[in-house]
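Engineer: Pasting a predicted model and its sequence here:
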Amino acid sequence: IEHEKLSTVTYPYEWSFSMLKEAAIAVLRINLIARKYDYQTKDCHGFNIIFDGAYPKYVDLGSFIKTGEKFRGWLAYEEFLTSYYYPLHIWRKGNSYIARRILSDVTLMPHGSYLLYKNPFYRLFSPTFLDKMSNYYHKFRCIYDMSPSEIRNRVPGFLGDMIVFLKNKRLLPFQAINLSSLLKKVQQISKKRYFTMWSEYHNEFYGEGGIISTPRFDRVVDIIKSLKVTSVLDSAGNQGIFSMLLLERTDIKRIICTDKDENAVDNMYQTVKSKGIKIAPALFDFVFPILAPYSKHPSERFKSDVIVALAVTHHLILSSKLYIDYILKTILIYSNRYICIEFMPLGLYDGSRDFGLPVPEWYTIGWFREHFNRYFITLLEEKLEKNRVLFVGELR
């Protein structure tokens, strides 16, 4: 069996809410189709899904196994709950932090922990008791997959015989999983509306005729086009306006657009999905990424010919108080060859006044240039706007 190789791999904790929901829907639809032919997936964790642009694809072909005729259970049901259903329900109420940390944990969220989070009533019981009861319940739901001898070994005597009898007569309760009903439940999950710091930053670039560009964007697109690269990582790209312009005006094969603002990335995902745009969105902080055991570092998966960092360094230096060397060294590992980065000489200037907010004495373009040249050979230094100086460099 042979299928297309997808160029960009994002992990579940790098998905937006809508991406996680679409992945869950894809898993359920796949199992509905498989069930028609007496098959099911034996597992369904999020790492079995890879997004091809905006479309989730199930890539673990070895997960499909044959079932008996009229089989209505699902071995992966418990994993579906912990990989998709629980995080989605937590996220829908606005707690993206906990939801994404659950997705980054190899063991995922225990059922008892979800019950404690969901309803204060369950806090009357000990976590150990809740875990034990929920585990018993889900093991009971998998009896349909056990042979009569296995059931009798686990439950000897009359009770075991009774379970085998009820199983053979299809009278055993809690064995069927209604995938269609579960699919409707997931489709109805919607996220509570709330604003994040940068969620509307790119709204001004959407017009009736499409994306509204700026001379600044036009110039940076032309510069990157002249570099003759095939892949770009647009870091802190918000809703992906610049990435969309790049895709539209160049022959670049792969564009990954990342941002740490969950609503901005979700808006980007909805746009690329609705318009069929081949951009890979990722909810990702390139300075402080979420890292998980047994997974590849994002610098391996997102590394591109050029990394673009527009209008972000002043926030990292002046607001987050990060050292410039740390920022540049971190950016460096995501690039195969080039970097396009902006320096904001007026600091946190909002563009509405004729003067910038006070900046430290050391915060000068000469200071930035000196540090930049430690790691990159400067190919271009150009003032694009009043508070934007573009540095284009090649790795030393």
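Structural biologist: In hand now; what should we look at?

Engineer: With just CA atoms, put stretch 209-228 into PDB.
Structural biologist: The C-alpha trace of stretch 209-228 is given here as PDB (Å, rounded to 0.1, in the frame of the first residue of the first chain):
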ATOM      1  CA  GLY A 209     -12.200  41.400  -3.000                       C
ATOM      2  CA  GLY A 210      -9.900  39.200  -0.900                       C
ATOM      3  CA  ILE A 211      -6.700  40.000   1.100                       C
ATOM      4  CA  ILE A 212      -5.600  43.600   1.300                       C
ATOM      5  CA  SER A 213      -1.900  43.800   1.100                       C
ATOM      6  CA  THR A 214       0.500  46.600   2.100                       C
ATOM      7  CA  PRO A 215       3.700  48.000   0.600                       C
ATOM      8  CA  ARG A 216       5.600  46.400   3.500                       C
ATOM      9  CA  PHE A 217       4.100  43.000   2.800                       C
ATOM     10  CA  ASP A 218       4.700  43.400  -1.000                       C
ATOM     11  CA  ARG A 219       8.300  44.200  -0.400                       C
ATOM     12  CA  VAL A 220       9.000  41.300   1.900                       C
ATOM     13  CA  VAL A 221       7.300  38.900  -0.500                       C
ATOM     14  CA  ASP A 222       9.500  40.200  -3.400                       C
ATOM     15  CA  ILE A 223      12.600  39.700  -1.200                       C
ATOM     16  CA  ILE A 224      11.700  36.100  -0.300                       C
ATOM     17  CA  LYS A 225      10.800  35.400  -3.900                       C
ATOM     18  CA  SER A 226      14.300  36.500  -5.000                       C
ATOM     19  CA  LEU A 227      15.900  34.000  -2.500                       C
ATOM     20  CA  LYS A 228      14.500  31.100  -4.600                       C
END
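
Engineer: residues making contact with that stretch?
Structural biologist: 204-206, 232, 241-242, 244-246, 248-250, 252, 305-306, 308, 310, 338, 340, 380, 382, 384-385, 388, 390, 392 (C-beta atoms under 8 Å, 6 or more residues apart in numbering). For every residue, glycine as well, the C-beta is placed using N, CA and C.

Engineer: Among those residues, name the ones in helices.
Structural biologist: Per DSSP state H, helices hold the following members of these: 241-242, 244-246, 248-249.

Engineer: Could I get those residues in CSV, plus columns for distance to Glu14 and neighbour count?
Structural biologist: Listed next are those as CSV, based on distance: C-beta to C-beta, whole Å; neighbours: other C-beta atoms under 10 Å:
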residue, distance to Glu14, neighbour count
Ile241, 20, 24
Phe242, 20, 26
Met244, 20, 25
Leu245, 23, 18
Leu246, 21, 23
Glu248, 25, 12
Arg249, 27, 15
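
Engineer: who's in contact with Val272?
Structural biologist: With C-beta under 8 Å, 6+ apart, Val272 has these contacts: 53-54, 240, 244, 278-279, 281.

Engineer: most neighbours, which of those residues?
Structural biologist: Pro281 (34 neighbours; other C-beta atoms under 10 Å).

Engineer: Next one, pLDDT for that one please.
Structural biologist: Note on Pro281: pLDDT of 97.

Engineer: Quick check: which element contains it?
Structural biologist: strand 280-283 (DSSP states H and E).

Engineer: Packing partners of that strand?
Structural biologist: In this structure, strand 280-283 makes packing contacts with strand 254-259, helix 262-275, judged by 3 or more C-beta pairs under 8 Å, 6 or more residues apart in numbering; DSSP states H and E.

Engineer: which of those sits most buried?
Structural biologist: Mean neighbours per residue, mean count of other C-beta atoms under 10 Å, is largest over the helices and strands packed on strand 280-283 for strand 254-259, with a mean of 26.

Engineer: Listing partners with orientation, what would you give for that strand?
Structural biologist: Counting by DSSP bridges, the strands paired with strand 254-259 are strand 231-235 (parallel), strand 280-283 (parallel).

Engineer: Ok, which of these comes nearest Arg35?
Structural biologist: strand 280-283 (30.9 Å; C-beta to C-beta).

Engineer: show me where this protein has strands.
Structural biologist: 39-41, 49-52, 55-58, 64-66, 206-207, 210-211, 231-235, 254-259, 280-283, 304-309, 335-343, 376-385, 388-395 (DSSP state E).

Engineer: Include distance to Ser7 when you put those into TSV, please.
Structural biologist: Shown next, in TSV, are the strands of the chain (distance: least, C-beta to C-beta, whole Å):
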stretch	distance to Ser7
strand 39-41	25
strand 49-52	9
strand 55-58	13
strand 64-66	25
strand 206-207	27
strand 210-211	23
strand 231-235	8
strand 254-259	5
strand 280-283	8
strand 304-309	10
strand 335-343	14
strand 376-385	25
strand 388-395	21
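
Engineer: Out of those strands, which gets nearest to Leu318?
Structural biologist: The nearest among these, by C-beta to C-beta, is strand 335-343 at 11.7 Å.

Engineer: What pairs with the closest one, parallel or antiparallel?
Structural biologist: Short version: by DSSP bridges, strand 335-343 pairs with strand 304-309 (parallel), strand 388-395 (antiparallel).

Engineer: Any chance you could list what contacts the first one?
Structural biologist: So that's strand 304-309. 220, 224, 227, 229-237, 242, 254, 256, 331, 334-342.

Engineer: same thing with the longest one?
Structural biologist: Strand 388-395 is contacted by residues 216, 219-220, 223, 227, 311, 332, 335-345, 365, 368-369, 372, 375-384 when judged by C-beta under 8 Å, 6+ apart.
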